[in-house]
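Q: next input, structure requested:
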Amino acid sequence: MARGSGLCGVVLCAGASTRMGRDKALLPWPPPPPSENYVVADTFLSAAIRSLSPVTEMVLVVAGHNTNSIAPVVYAHGASLVTNPDPARGQFSSMQLGLHEILSRGRDAAIVTLVDRPPARPQTIEQLREAFMASPPGMWAVVPEFKGKHGHPVVLGRELIEAFLRAPATATGRDVEHQHQAHMHYLSVDDPFVTLNVDTPEDYAALQNRHMP
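A: This is a model prediction of the structure:
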């Protein structure tokens, strides 16, 4: 049985980027070559918004103390901004905030991604959307899997959204996922970026030498 189409994008970018030393949301994407003439076309944040926009009705960006610095990027790409007043509580609090916001806006499904990674391929995102739309009622989420490792973006139905919102603030997304393992669909994809985290300057520099999807 196909699901409804009220899919909303959520980009989590309220982290402090401590190990990177600068806001990962504003890192140029793709990483620029060592050339003074290079013009930055995108950032991790704008690329994330652009990747989700074609398959969603709206995109929400959850920010933290970086709200003012990323707001121009958010609005320039047609997304909405939600601020986590206490991002020190961790990423799960930002996810709960974003998911609560999409329910309050009348949507009942979300595709959630993290800003600290390159955007997934358009084909990957479309695969995830199609798998979710075709999933039976007992399947609450679709998670990409690359070489046996789970990643993002993830597509969440209302049942799992409500489970996330019921969880204590001290929980993690992984905790909730494990509690509802029987309702998760892990979709194998040919896209290494779904599992690639970029946490340090060395991680970011290494992207220059990777094959871009």
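
Q: for residue 14, see how far away residue 84 is.
A: Distance from residue 84 to residue 14, counting by C-beta to C-beta, to the nearest Å: 5 Å. C-beta coordinates here come from the backbone N, C-alpha and C atoms, glycine included.

Q: what about residue 169, how many residues nearby?
A: Other residues lying near residue 169 total 10 when counted by other C-beta atoms under 10 Å.

Q: on that earlier part again, common neighbours of residue 84 and residue 14, please.
A: Shared contacts of residue 84 and residue 14 (C-beta atoms under 8 Å, 6 or more residues apart in numbering): 62, 63, 64, 94.

Q: ok, back up a step: more crowded one of residue 84 and residue 14?
A: residue 14 (29 against 24).

Q: I am assuming the more buried one contacts residue 87, so please confirm or correct that.
A: Yes - with contacts counted by C-beta atoms under 8 Å, residue 14 reaches residue 87, the gap being 4.1 Å.

Q: shared neighbours, those two?
A: The contact sets of residue 14 and residue 87 overlap at 64, 65, 94 (C-beta under 8 Å, 6+ apart).

Q: any chance of those in CSV, with distance to residue 195, secondary structure and pLDDT too?
A: CSV is the format used below for those (distance: C-beta to C-beta, whole Å; DSSP: H, G, I helix; E, B strand; the rest coil; pLDDT from 0 to 100):
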residue, distance to residue 195, secondary structure, pLDDT
64, 24, coil, 97
65, 27, coil, 96
94, 20, helix, 96
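
Q: selecting buried members of these in ChimeraX, what would you type?
A: ChimeraX command restricting these to the buried ones, with burial defined by 16 or more other C-beta atoms under 10 Å:
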select :64,65,94
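
Q: the shared contacts of residue 14 and residue 87 into CSV, with extra columns for distance to residue 207?
A: Below are the shared contacts of residue 14 and residue 87 laid out as CSV (distance: C-beta to C-beta, whole Å):
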residue, distance to residue 207
64, 24
65, 25
94, 24
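
Q: identify, from the shared contacts of residue 14 and residue 87, the entry nearest to residue 53.
A: residue 94 (20.0 Å; C-beta to C-beta).

Q: out of the shared contacts of residue 14 and residue 87, who's nearest residue 180?
A: residue 94 (20.1 Å).

Q: now do the contacts for that closest one.
A: Listed by C-beta under 8 Å, 6+ apart, the contact partners of residue 94 are 12, 14, 62, 64, 84, 87.

Q: now do residue 158
A: 103, 108, 109.
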